[in-house]
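Student: everything below, folded, please.
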Amino acid sequence: MLGGGYVLRSIVGLAIVGLLGGCAAGATVVPPPATPAVPADASAAIATPSPATPGASMALAAPTATATRPPLRTPKPMPTIGVPADDGARVTWVQAVDTRTRNLTIDSPAVGSVQVQLLLPSRFDAMPSTRWPVLYLLTGYGGSYSDWGVNTDVAALTAPTDLLVVMPDGGYQGWFSDWWNGGSGGPPKWETFHLVELRQLLERNWHAGDKRAIAGLSMGGYGAMEYAERQPGTFAAAASYSGVLDPLGGQANFSPPQPNDIWGDPVAQADVWKAHDPTDNAAALKGTALYVAYGNGQTGPLDPSKSPDLEAWIATENETFLHQLAALKIPVTVDAYGNGTHDWPYWQRDLHRSLPFILKALSG
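Tutor: Numbers count the residues shown, from 1 in each chain. Got it, this is the predicted structure:
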């Protein structure tokens with residue numbers, strides 16, 4: 001538990017958003033006015049915007065007395081790039097960042113307009129008929145699809161592998177759930193987006209195979225275990241880095257924003273909370289290769305000047321989850337590394353340490 005009476009609502013607003021939201025550097029991609037001819041395979045529909053002139057700026061001209069407002073025009077719908085998902089979710093824009101990195105804009109019935117970053121296998125173009133193993137990397141609370149690329153060396157780390165790395169938006173505070181919304185359901189439906197729409201788009205347009213692993217940090221660590229539980233057998237491996245793994249049991253410290261929207265009231269809708277709690281549903285992880293990493297919140301070797309933080313509370317969540325796995329006799333690889341805080345240097349190290357484990361699970 002954290003001292004000073006902290007609850008996650010205040011911690012997250014001040015700490016995680018500062019760590020994650022402030023680090024994201026993804027720019028919005030604006031499509032050109034003309035609608036290009038679109039091939040059926042999204043991997044061939046790549047747009048590379050022209051770079052802006054360094055130092056250039058734009059100024060608005062002052063209106064003249066005779067100026068009139070042009071008539072408003074209804075924006076044209078974006079083109080569909082590649083094959084859509086069953087429910088109509090579709091890629092509407094692809095930005096080539098470099099030889100391996102693609103930023104996708106997706107129009108999703110489940111969550112609206114959303115962005116996803118892909119790291120293609122190095123041999124992607126040379127082997128067009130190959131189905132590639134997939135690693136989903138989920139971001140944390142307040143994070144962005146660009147977080148992993150900005151804050152870690154994931155591109156260089158995975159370059160020697162055959163992984164298709166998928167880094168989707170998580171809805172800022174979406175908690176990787178189809179929201180309860182006061183009992184009425186409906187959007188946002190993050191579980192539907194990630195596990196149905198995005199999966200279909202990747203398989204139909206980016207040669208994603210049926211061997212999958214999932215990993216994430218903080219809220220994304222929760223998402224990795226939650227998704228592996230809710231769809232057993234979908235992921236060969238699931239890895240949590242500083243994940244929130246017992247939200248129902250730890251609700252004294254856990255208070256998500258809009259609780260009635262996400263899972264409802266923790267007492268009146270305890271069944272909904274329980275259905276989305278990794279500890280309560282740990283039995284569904286049998287047969288999945290599991291990796292759990294967390295620190296204790298004290299100043300560690302990668303942040304010598306940082307004060308203790310919410311990783312101390314995260315540690316209690318992880319210990320509860322691990323005790324449940326032990327009771328169920330479900331094996332798990334644990335890196336309880338002691339001193340360390342809730343920050344990117346540790347999550348990069350977690351990715352490095354767990355990647356051989358993930359690759360071994362995918363090769364089985």
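Student: neighbours of residue 99, just the number please.
Tutor: The criterion is other CB atoms under 10 Å. On that basis, residue 99 has 9 neighbouring residues. All C-beta atoms are positioned from the backbone trio N, CA, C, and that covers glycine.
Student: check whether residue 225 really touches residue 237, as I assumed.
Tutor: No - with contact defined as CB atoms under 8 Å, residue 225 does not count as touching residue 237 (11.2 Å).
Student: more crowded one of those two?
Tutor: Higher neighbour count among residue 225 and residue 237: residue 225, with 30 against 25, using other CB under 10 Å.
Student: quickly find the element holding the more buried one.
Tutor: Element membership of residue 225, judged by DSSP states H and E, is helix 219-230.
Student: pLDDT (mean, whole number) over that helix?
Tutor: Across helix 219-230, the average pLDDT comes to 98.
Student: which residues does it contact?
Tutor: When contacts are defined by CB atoms under 8 Å, 6 or more residues apart in numbering, helix 219-230 is touched by residues 16, 136-141, 143, 170, 173, 175-177, 191, 194-195, 214-216, 234-235, 238-245, 247, 276, 278, 281-282, 284-285, 288, 290, 321.
Student: redo that, cut-off 6 Å
Tutor: For helix 219-230, the surrounding residues in contact (CB atoms under 6 Å, 6 or more residues apart in numbering) are 138-141, 176, 214-216, 235, 238, 240-244, 278, 281, 284-285, 288.
Student: ranges for the strands of the chain?
Tutor: 90-96, 101-108, 112-119, 132-138, 164-168, 208-217, 237-241, 289-294, 333-336 (DSSP state E).
Student: how far does the fifth one sit from its chain's centre?
Tutor: The chain centroid and the centroid of strand 164-168 are separated by 8 Å under CA atoms, centre = their mean, to the nearest Å.
Student: looking at it now, give me its mean pLDDT.
Tutor: Strand 164-168 comes out at a mean pLDDT of 98.
Student: may I see the buried residues of that strand?
Tutor: In terms of neighbour count (16 or more other CB atoms under 10 Å), strand 164-168 has its buried residues at 164, 165, 166, 167, 168.
Student: contact partners of it?
Tutor: Residues contacting strand 164-168 (CB under 6 Å, 6+ apart): 116-119, 121, 132, 134-137, 145, 148, 158, 208.
Student: angle of it against strand 208-217?
Tutor: Here the directions of strand 164-168 and strand 208-217 differ by 50 degrees (axes from the mean of the first three to the mean of the last three CA atoms, to 10 degrees).
Student: given strand 164-168, what are its sheet partners and their directions?
Tutor: Sheet pairing of strand 164-168 (DSSP bridges) gives strand 112-119 (antiparallel), strand 132-138 (parallel).
Student: now the shortest one
Tutor: Looking at strand 333-336 with DSSP bridges, its partner strands are strand 289-294 (parallel).
Student: quick check: the residue nearest the centre of the chain vs residue 91, distance?
Tutor: Central residue of the chain (CA atoms, centre = their mean): residue 138, 2.6 Å from the mean position. Remark: distance between residue 138 and residue 91 (CB to CB, to the nearest Å) = 20 Å.
Student: now mean pLDDT and distance to residue 312 too, for the strands paired with strand 164-168, in a markdown table please.
Tutor: Shown next, in a markdown table, are the strands paired with strand 164-168 (pLDDT from 0 to 100; distance: least, CB to CB, whole Å):
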| stretch | mean pLDDT | distance to residue 312 |
| --- | --- | --- |
| strand 112-119 | 98 | 31 |
| strand 132-138 | 98 | 22 |
